[in-house]
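Engineer: what's the 3D shape of this:
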Amino acid sequence: MKNNIQMKKVTSIIIAIGLVVVSACSSKVKKEESLKNTDSTIGVTVATPMDSNNETVNISGQVAASQTANISTRVMGYITKLTVKVGDYVSKGQLIATISNNDIIAKRGQAEAMMAEADAALTSAKKDYDRFTALYKQQSASAKELDNATLQYNAVKSKVEVAKEMRNEVNAMLEYTTLTAPFAGIVTQKFTDAGNIANPGMPIVAIEQKDSYEISASVPETDINAIKQGEKVTINIKSANKSFKGMVTQINQSSQFSGGQYIIKVSIPEAEKKGLFAGMYADLSLSKSKTNDSKEVNMVTVPLSSIIKKDDLTGLYTISANNTALLRWVRLGKTIGDNVEVLTGLEKNEQFIVSSEGRLYNGIPVFVKK
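Structural biologist: Residues are numbered from 1 along each chain as shown. Just a heads-up that it's a prediction; the model follows:
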């Protein structure tokens with residue numbers, strides 16, 4: 001009897017343990033199935049490639065002043081005064097700096113003395129010439145005496161001209177010791193300070209004309225023939241948060257001194273110049289000019305955000321016939337703003353996945369969100 005009771009207790013415990021195990025396994029299976037059902041299908045957004053018939057040229061440039069000047073001197077001497085600093089506004093003709101000129105002033109004194117001496121000699125020679133001319137007419141002087149007086153007079157006149165040119169040269173050199181602004185503008189750089197020695201051709205300050213900004217950009221030789229003067233350009237300056245239209249005003253015809261790149265100038269509308277500074281980078285986009293013989297170019301582009309990169313490979317996700325994600329490797333071309341050209345691997349009417357609600361991988365079921 002006692003053994004039967006113990007057997008019943010053992011049996012009840014085993015049954016209870018079995019029920020707990022079965023319940024736990026069932027709960028685990030349901031949880032796994034629930035997670036599986038949650039991750040099994042992902043909602044995605046799809047799009048078709050953009051089909052563009054107008055090929056564009058995308059280049060980078062910089063904001064620059066249309067008129068700049070490095071103020072320098074043609075004489076050597078100490079800088080005795082420097083009246084401006086970086087950021088100062090200067091008007092046309094305003095004093096910028098002065099160079100020591102004591103030696104030049106001394107030379108000017110010598111030139112003035114030589115000029116006075118030559119003038120006195122000229123006055124004397126002129127009197128002799130006039131006197132011998134009168135005597136010759138009265139037959140009181142010989143032709144030889146008149147010729148000598150004439151030669152002396154002409155020689156002294158030449159000395160006067162030499163002295164005059166020497167004085168002009170000294171005065172010109174003296175002007176180079178006083179440096180003034182050639183136009184109204186802003187001082188953008190200061191290369192030296194008062195007390196230093198200025199050498200011929202050495203810049204002392206740099207000035208940019210105020211509000212004369214334009215954009216300078218380099219164009220490769222493969223695209224230069226597609227750009228025409230007067231063509232409209234879309235300009236985006238991210239640092240100034242500006243986007244506007246400009247116009248090609250100048251095209252350099254040679255790339256000899258610009259590393260194989262052709263320099264173009266693009267105008268900036270007056271209303272957009274406020275808030276710009278020289279050196280700001282700009283993104284330029286303009287349509288290629290087409291000739292009568294040119295063919296239309298069908299360019300397939302997709303958003304850069306949809307591109308998947310793995311090592312040196314690039315691809316994007318498409319949707320297979322079984323409604324699963326399919327990674328398609330593609331070859332890319334040029335970048336155009338936020339889009340990129342697809343050269344091979346994707347047809348222009350084929351849908352691709354732009355975004356998804358979860359992580360994509362090959363074979364995962366997807367559905368297109370409405």
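Engineer: does Lys245 sit in a helix, a strand or a coil?
Structural biologist: Secondary structure assignment for Lys245 (DSSP: H, G, I helix; E, B strand; the rest coil): strand.
Engineer: ok, it to Ala278 distance?
Structural biologist: Remark: distance between Lys245 and Ala278 (C-beta to C-beta, to the nearest Å) = 21 Å. The C-beta positions use only the backbone N, C-alpha and C, and glycine is treated the same way.
Engineer: before we move on, what about Gln261?
Structural biologist: Counting by C-beta to C-beta, the gap between Gln261 and Ala278 amounts to 20 Å.
Engineer: same question for Leu360.
Structural biologist: With the distance defined as C-beta to C-beta, Leu360 ends up 46 Å from Ala278.
Engineer: who has more neighbours out of those two?
Structural biologist: The residue with more neighbours, out of Leu360 and Ala278 and counting by other C-beta atoms under 10 Å, is Leu360; that gives 19 against 14.
Engineer: tell me who's in contact with the more buried one.
Structural biologist: Counting by C-beta atoms under 8 Å, 6 or more residues apart in numbering, Leu360 makes contact with 42, 44, 317, 325, 353, 366.
Engineer: could you list the low-pLDDT ranges of this protein?
Structural biologist: Applying pLDDT under 70 to the predicted model, the residue ranges of the chain that meet it are 1-39, 50-55, 288-298, 337.
Engineer: what's the longest strand in it?
Structural biologist: Ranked by residue count and defined by DSSP state E, the top strand of the chain is strand 325-336.
Engineer: output the contacting helices and strands for that one.
Structural biologist: strand 56-65, strand 313-319, strand 339-344, strand 352-356 (3 or more C-beta pairs under 8 Å, 6 or more residues apart in numbering; DSSP states H and E).
Engineer: and of the ones you listed, who's closest to Val170?
Structural biologist: When these are ranked by distance to Val170, counting by C-beta to C-beta, first place goes to strand 56-65 at 35.1 Å.
Engineer: now do whatever helix or strand comes next after the closest one: distance to the chain's middle.
Structural biologist: On the C-terminal side of strand 56-65, the nearest following helix or strand under DSSP states H and E is strand 68-72. Relative to its chain's centre, strand 68-72 lies at 20 Å (C-alpha atoms, centre = their mean, to the nearest Å).
Engineer: can you check stretch 199-218 too?
Structural biologist: 14 Å.
Engineer: between the two ends of that stretch, how far is it?
Structural biologist: 34 Å (C-alpha to C-alpha, to the nearest Å).
Engineer: and stretch 142-151, what's buried?
Structural biologist: Buried residues in stretch 142-151, counting neighbours by 16 or more other C-beta atoms under 10 Å, are found at 146, 149.
Engineer: other residues contacting that stretch?
Structural biologist: When contacts are taken as C-beta under 8 Å, 6+ apart, the neighbours of stretch 142-151 outside the stretch itself are 125, 128-129, 131-133, 135-136.
Engineer: the domain parsing of this structure - what is it?
Structural biologist: Structural domains annotated on the chain: 43-55+297-368, 58-66+212-287, 73-180, as defined by automatic domain parsing.
Engineer: pick out the most distant pair among the contacts of Leu360.
Structural biologist: If you compare every pair in those using C-beta to C-beta, the most distant one turns out to be Ile42 and Tyr317, at 10.5 Å.
Engineer: stretch 67-76: how far from the chain's middle?
Structural biologist: Taking C-alpha atoms, centre = their mean, one finds the center of stretch 67-76 at 24 Å from the center of the full chain.
Engineer: mind listing what's buried along that stretch?
Structural biologist: Neighbour-count burial for stretch 67-76, with 16+ other C-beta under 10 Å as criterion, is recorded at 68-69, 71-73, 75.
Engineer: before we move on, the earlier item: dump the contacts of Leu360 into a markdown table; add neighbour count and distance to Lys274 as well.
Structural biologist: A markdown table is the format used below for these (neighbours: other C-beta atoms under 10 Å; distance: C-beta to C-beta, whole Å):
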| residue | neighbour count | distance to Lys274 |
| --- | --- | --- |
| Ile42 | 19 | 48 |
| Val44 | 22 | 45 |
| Tyr317 | 23 | 45 |
| Ala325 | 20 | 49 |
| Ile353 | 23 | 43 |
| Val366 | 22 | 49 |
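Engineer: could I get these as CSV with distance to Ser158?
Structural biologist: Shown next, in CSV, are the contacts of Leu360 (distance: C-beta to C-beta, whole Å):
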residue, distance to Ser158
Ile42, 100
Val44, 96
Tyr317, 93
Ala325, 97
Ile353, 93
Val366, 100
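Engineer: out of these, who's nearest Ser91?
Structural biologist: Comparing these against Ser91 with C-beta to C-beta places Ile353 closest, at 61.9 Å.
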